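Peer 1: no FASTA, just this:
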Ligand SMILES: [Zn+2]
């Protein structure tokens, strides 16, 4: 499933990317209907903008009711019937949504701090924004968060 969050749903976009769900982010609040990027890719537009509810001929969208990202996430996962099997944690760049690829350690020598290079074994890399990811201190915390989401969703 491919999604597009509007500018009011930035944190939700990061949550969804953390789960590995293809989620682009638009910095405009109001959906520009001329954007055929969305139509072409058949993304579902996630929005908190009530104006979209009154519009006709809008591409597929899901209106997010909650104001709080922690509640928006289960709302969207349940509302769009996104299955646990679709989760691919750590597969997407949290900054830009691009799929990450595993990169050889030697190839990122100049892209990460010395300490990280010396202590970490595996790295993944975003070709779109040049971000490098490794299993650092956040990793465990995020892994636990993903487990919690899985538990909530399997109830
Ligand atoms: Zn990126």
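Peer 2: Good, I have the coordinates. Worth saying up front: this structure is predicted, and the values here are computed from it rather than measured.

Peer 1: How about the residues of this structure by the ion?
Peer 2: Within the chain, the residues that sit near the ion (C-beta under 5 Å from the ion) are 93, 95, 96, 98, 126, 128, 129, 131. Every C-beta, even on glycine, is put in place using the N, C-alpha and C of the backbone.

Peer 1: any idea how far residue 124 is from the last one?
Peer 2: Separation of residue 131 from residue 124 (C-beta to C-beta, to the nearest Å): 9 Å.

Peer 1: Between the two, which is the more surrounded one?
Peer 2: residue 124 (19 against 16; other C-beta atoms under 10 Å).

Peer 1: quick one: contacts for that one?
Peer 2: The contact partners of residue 124, taken as C-beta atoms under 8 Å, 6 or more residues apart in numbering, are 90, 100, 101, 102, 103, 132, 133, 134.

Peer 1: pLDDT weak spots in the protein?
Peer 2: For the chain, residues meeting the criterion pLDDT under 70 lie at 29-40.

Peer 1: Distance check, the closest residue to residue 67 other than its chain neighbours against the ion.
Peer 2: Spatial nearest neighbour of residue 67, excluding adjacent residues (C-beta to C-beta, 6 or more residues apart in numbering): residue 48 at 7.7 Å. Distance, residue 48 to the ion, by C-beta to the ion, to the nearest Å: 25 Å.

Peer 1: so residue 48 makes contact with residue 10?
Peer 2: No - with contact defined as C-beta atoms under 8 Å, residue 48 does not count as touching residue 10 (11.1 Å).
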